[in-house]
Structure formats: structure tokens, C-alpha cells
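Engineer: Let me see the structure of the following:
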Amino acid sequence: MPRPVMLGDDTQDHVLAHRLGLALVPTPGSDELWLRHGEHGLELGGDKRQFGAPIRADLVGGGVAHRRQFGGGRGQLIARACGLKQGVSPDIIDATAGLGRDSAVLASLGARVLMIERHPVVAALLLDALNRACRLEALKALTQRLYFVEGDSSQTLSELIATSDVAPQVVHLDPMYPHQDKSALVKKEMRLFRRLVGDDTDAPQLLAQALDIATHRVVVKRPKGAPPIEGPSPSHEIVSKNSRYDLYVHRSLKPSR
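Structural biologist: Now for the predicted structure:
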């Protein structure tokens, strides 16, 4: 996978470049991905014609804010899949957190969520977003339910979970699907993300780890029409227009007494 370069020349740029092992340069090459501290936080970008505007993790505004306000609450697909309902707010491990959008929505609905991300650049974007969100008093209740750890869930999921006090009642997985049809990559943001991260070819191994550790259920997001991840068959599925959640249920989530 390509390693971005770091743009900038102040102290925080030097610190982050050193931590991530990135070259610090004044301008990127025409085919390079780059990371920089922009006006609204840490952002990742590349050639605008290929990838469009730079992306950053945002746990506060944009699409996350819209889903928080108008997404349908606990009636939305991800909430139903993860078992959130009246009296039930399970602890959730988001083992493929990415930019943290699903985690932020689940936390806004009352779940405590541990976000795990293995790619160091994506983890840096996510941590930057969490730090920005924590500075907003209006979102204090939400951010107090969000936890973050960097690491590879497919290798050391139990050890990563042990670093927090979030219980693995539900493990949520959204592995990168290896699309064969290039028309599926219409969103330039997804092209940029896929260029950086690649496909999650170890998804079966990750599923096996999750099934061993989740106490109640594992929830896997898949494109509609895609086969389940190799391994045990799902208990059942929840399907929407464009996506599907495969559920592997060990036991029911009960209301708190």
C-alpha cells in the first residue's frame, strides 16, 4: 500500500511525521497521497482529479451530524443490527472503525463504543477527530462513550479490548470489500481510502476472532448481494437498499434491570 507524505513544517507536523514514519516534504508529487494539518483538522488527500477533496475524520458535523439528528434513531439499520432498543444499550466493539462515523452514531444512541483501527494513518485521522470532539462541551455525553485504541483486530482483538473497560457484547465489523466492478467506486472519497488501505483480505480471520470474543453477537456490514464472509453462516440478516448486515447471534441482549 502507498505510504503518504507529510506536508507542513511546524512542530506538530514533525512529530506526526516521525511517529508515522512519513517523509516531511513541502509539496507532494503528482501521484502521491499526502497528510497535513488543515484548517479543520488532520486531513488526507491526493490528486484532486482522481480523489476529489481531502478527507478527514469528523465525529461531530457533516454526515455524522445529519445521521445523529435525522437518521431515525434506534430504528436505523445499524442500531437494529447491533441490538439497540428500548432498555438495551450494549457495549460495542467497532473492530474496523475507519473514520469513526458508525461509532459516533452508535455512541449518540447510548452505546459505549471502543473504536479499533489498524492502519496508522487512518488511526491518526480518527484520533485527531476524537480529540477535536472532546473539546466541545455540547458533545461531552457522546464523547464520554467513545474510546479508541490503535491495533490490528484480526491479530490481537482480545488484547486490544482489554485496554478499555468496554465489554465485547457486540462486535461490529465493516471490512473493505474487494469490488471487482469499478463502477462501484463512484465516490472519490472511497477511491482515496481504498488507495491507502487496500482490501481486507484477512476478513475471515477477523470474523473468527470476533466470534470467539463477542458475548452476544457479531454484526458484519456487507454490500447488498455480496456473499457472507467465509466461515460460519450468519444467523440472519437485515437488508436495506444498498447494504446488508449479517448477524451471528450467540444469545439475546436483555434490558438492564
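Engineer: Next one: the residue nearest the centre of the chain from residue 190, what distance?
Structural biologist: Centroid-nearest residue in the chain, with C-alpha atoms, centre = their mean: residue 97, separated by 2.1 Å. With distances taken as C-beta to C-beta, to the nearest Å, residue 97 is found 16 Å from residue 190. Bear in mind the C-beta positions are built from the backbone N, C-alpha and C, glycine included.
Engineer: hang on, the earlier thing: does the residue nearest to the centre of the chain touch residue 115 like I think?
Structural biologist: Yes - A contact is recorded between residue 97 and residue 115 when judged using C-beta atoms under 8 Å, the distance being 3.7 Å.
Engineer: Give me the common contacts of the two.
Structural biologist: 103, 126, 148 (C-beta atoms under 8 Å, 6 or more residues apart in numbering).
Engineer: which among these end up buried?
Structural biologist: 103, 126, 148 (16 or more other C-beta atoms under 10 Å).
Engineer: Hmm, residue 119 is touching residue 197, no?
Structural biologist: Yes - the pair residue 119 / residue 197 is scored as a contact, 5.4 Å apart, by C-beta under 8 Å.
Engineer: Please read off the pLDDT at residue 31 from the model.
Structural biologist: With respect to pLDDT, residue 31 has a value of 89.
Engineer: which residue sits closest to it, ignoring its sequence neighbours?
Structural biologist: Counting by C-beta to C-beta, 6 or more residues apart in numbering, the nearest residue to residue 31 once its immediate chain neighbours are dropped is residue 47, at 6.9 Å.
Engineer: same deal with residue 148?
Structural biologist: Using C-beta to C-beta, 6+ apart, the nearest residue to residue 148 is residue 115, at 4.8 Å.
Engineer: can I assume that neighbour sits in a helix?
Structural biologist: No - with DSSP: H, G, I helix; E, B strand; the rest coil as the criterion, residue 115 is assigned strand and is not in a helix.
Engineer: What separation is there between it and residue 217?
Structural biologist: 18 Å.
Engineer: One more: residue 198?
Structural biologist: The spacing between residue 198 and residue 217, counted by C-beta to C-beta, is 28 Å.
Engineer: Compare the two (neighbour count), which wins?
Structural biologist: In terms of neighbours (other C-beta atoms under 10 Å), residue 217 is the more surrounded of residue 198 and residue 217; the figures are 24 against 13.
Engineer: Report the beta-bridge partner residues of that one.
Structural biologist: Bridge pairing for residue 217 (DSSP bridges) gives the partners residue 170, residue 249.
Engineer: I figured it hits residue 248, correct?
Structural biologist: Yes - under the criterion of C-beta under 8 Å, residue 217 lies in contact with residue 248, with a separation of 6.3 Å.
Engineer: how about low-confidence regions in the chain?
Structural biologist: Low-confidence segments of the chain (pLDDT under 70): 1, 69-72, 178-186, 257.
Engineer: Show the contacting residues for residue 120.
Structural biologist: Remark: with contacts taken as C-beta under 8 Å, 6+ apart, residue 120 is in contact with 20, 150.
Engineer: cool, residue 68 as well?
Structural biologist: 104, 105, 108.
Engineer: neighbours around the second one, how many?
Structural biologist: A count of nearby residues for residue 105, using other C-beta under 10 Å, gives 22.
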